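Asker: A structural model of the following input is requested.
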Amino acid sequence: MTKSFSMRWVIALKAEAKEIIKQYDLISFDHEGPFPVYKNKSQDIWLTISGIGQINSSAATMHLFHKSNAKPWSVWINLGIAGYEATYGNIYQIDKIIAENNSMVYYPSRTLVSKIPYTTLLTLDKPRTNYTDKYMLDMEGSAFYQVANKITSHELILVLKIVSDNSDYNVKNINSTKIERLVNQNFSKINDILIGYHKLSSEETKRHTLSENYQKVISNFHFTVSQKNTLNNLTKKWDAAFNGSNLMDEIKRCKDAKSILKKLNTIINNNMIDWEKN
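Answerer: The predicted structure follows:
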């Protein structure tokens with residue numbers, strides 16, 4: 001089971017969340033705020049229950065972002081039930097989301113190939129039962145994605161929906177027990193796809209991790225916030241170009257942050273030109 005990487009779950013209903021809470025050993029963290037929040041002991045997996053609707057979903061996503069101090073490499077997951085003219089209980093990965101209220105269209109990443117098929121999701125303001133096989137029907141997906149896309153890379157956003165009602169399965173017959181069973185039956189597929197997202201998250205972690213060269217320079221010189229961002233980018237290029245060799249020898253005659261950045265820019269640009277000539 002994939003348990004050892006940063007995940008943030010935004011789920012509308014407690015019944016939808018129960019299996020996830022169980023599988024990842026989540027415990028209650030804060031029920032005094034606007035949305036219940038759960039986390040595991042290592043505090044890398046967090047979950048919030050938003051309630052139904054787009055306003056709740058977007059607010060809960062941002063609430064969890066701040067409450068959990070989510071990192072740029074965290075995977076954000078929206079899991080829930082949806083109406084769809086397809087086999088009851090099937091799970092789908094969403095690669096296109098249409099917001100009915102404003103006609104906005106979003107395209108979640110299709111970077112990973114999994115056993116879960118793709119389909120389109122139409123997010124509504126009110127429940128509807130005019131089912132079609134063109135798209136699933138829910139009330140949270142677009143709002144979740146819109147917020148999540150602002151706080152992490154779109155390759156790290158996953159929207160999963162399970163068929164809970166259609167022309168053969170009346171929405172009035174949905175209850176907590178059936179919802180819990182639907183998630184339980186699909187958990188192995190959910191876990192399988194998360195293995196792939198674990199790899200993506202690991203790659204993103206490396207990209208955001210501050211290099212040893214960066215930390216050495218920062219500890220010896222004063223940099224403004226903007227200069228730190230520039231230095232971070234330059235040290236990553238340095239590490240890639242010179243295999244992480246110590247750059248302190250190159251900047252030992254520099255007197256301040258400005259001269260260091262200028263020196264690094266010159267060295268890296270010259271190195272890039274040399275590569276182009278070869």
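Asker: domains of the protein?
Answerer: Described in terms of automatic domain parsing, the domain architecture of the chain consists of the residue ranges 7-207, 210-277.
Asker: Least confident of the ones you listed, on average?
Answerer: Taking the average pLDDT of each of the domains of the chain, the minimum falls on domain 210-277, with a mean of 83.
Asker: Any chance of TSV for the domains of the chain, columns mean neighbour count?
Answerer: Yep, even glycine has a C-beta here, placed from its N, CA and C like the rest. Written out in TSV, the entries for the domains of the chain read as follows (neighbours: other CB atoms under 10 Å):
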stretch	mean neighbour count
domain 7-207	18
domain 210-277	14
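Asker: nearest spatial neighbour of Thr205, skipping sequence neighbours?
Answerer: Excluding its sequence neighbours, the residue lying closest to Thr205 (CB to CB, 6 or more residues apart in numbering) is Trp73, at 4.4 Å.
Asker: That neighbour contacts His198, doesn't it?
Answerer: No: distance between Trp73 and His198: 10.5 Å, which falls outside the contact criterion (CB atoms under 8 Å).
Asker: Can you show me the helices along the stretch 51-200 of the chain?
Answerer: Taking DSSP state H, counting those that start in this stretch to define them, one finds helices in the stretch 51-200 of the chain at 54-67, 141-151, 176-208.
Asker: Need these in a markdown table (columns: distance to Asn166).
Answerer: Compiled in a markdown table, these are given as follows (distance: least, CB to CB, whole Å):
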| stretch | distance to Asn166 |
| --- | --- |
| helix 54-67 | 22 |
| helix 141-151 | 17 |
| helix 176-208 | 13 |
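Asker: now for those, which one comes closest to Leu264?
Answerer: Judged by CB to CB, the one of the helices of the stretch 51-200 of the chain that comes nearest to Leu264 is helix 176-208, at 18.8 Å.
Asker: which helices and strands sit right next to the closest one?
Answerer: Secondary-structure packing of helix 176-208 (3 or more CB pairs under 8 Å, 6 or more residues apart in numbering; DSSP states H and E): helix 14-23, strand 75-83, strand 91-99, strand 157-165.
Asker: how far does whichever helix or strand comes after the first one sit from the chain's center?
Answerer: Which is helix 14-23. On the C-terminal side of helix 14-23, the closest following helix or strand by DSSP states H and E is strand 27-30. Centroid separation between strand 27-30 and its chain, computed with CA atoms, centre = their mean, to the nearest Å, is 21 Å.
Asker: what residues does strand 27-30 touch?
Answerer: By CB atoms under 8 Å, 6 or more residues apart in numbering, the list of residues contacting strand 27-30 from outside reads 36-41, 46, 67.
Asker: In those, find the pair that's most separated.
Answerer: Pairwise distances across those peak at 17.8 Å for Pro36 and Lys41 (criterion: CB to CB).
Asker: do you know how far Asp239 is from Asn229?
Answerer: In this structure, Asp239 lies at 16 Å from Asn229, with CB to CB, to the nearest Å as the measure.
Asker: Report the contact partners of Val37.
Answerer: Under the criterion of CB under 8 Å, 6+ apart, the contact list for Val37 reads 28-31, 46-48, 63-64, 67-68.
Asker: Got the phi and psi for it?
Answerer: Its backbone dihedrals place Val37 at phi -130, psi 140, with angles given as degrees, to the nearest 10.
Asker: that older thread, adding distance to Ser114, write the helices and strands packed on helix 176-208 out as CSV.
Answerer: Conversion of these to CSV gives the following (distance: least, CB to CB, whole Å):
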stretch, distance to Ser114
helix 14-23, 18
strand 75-83, 13
strand 91-99, 7
strand 157-165, 10
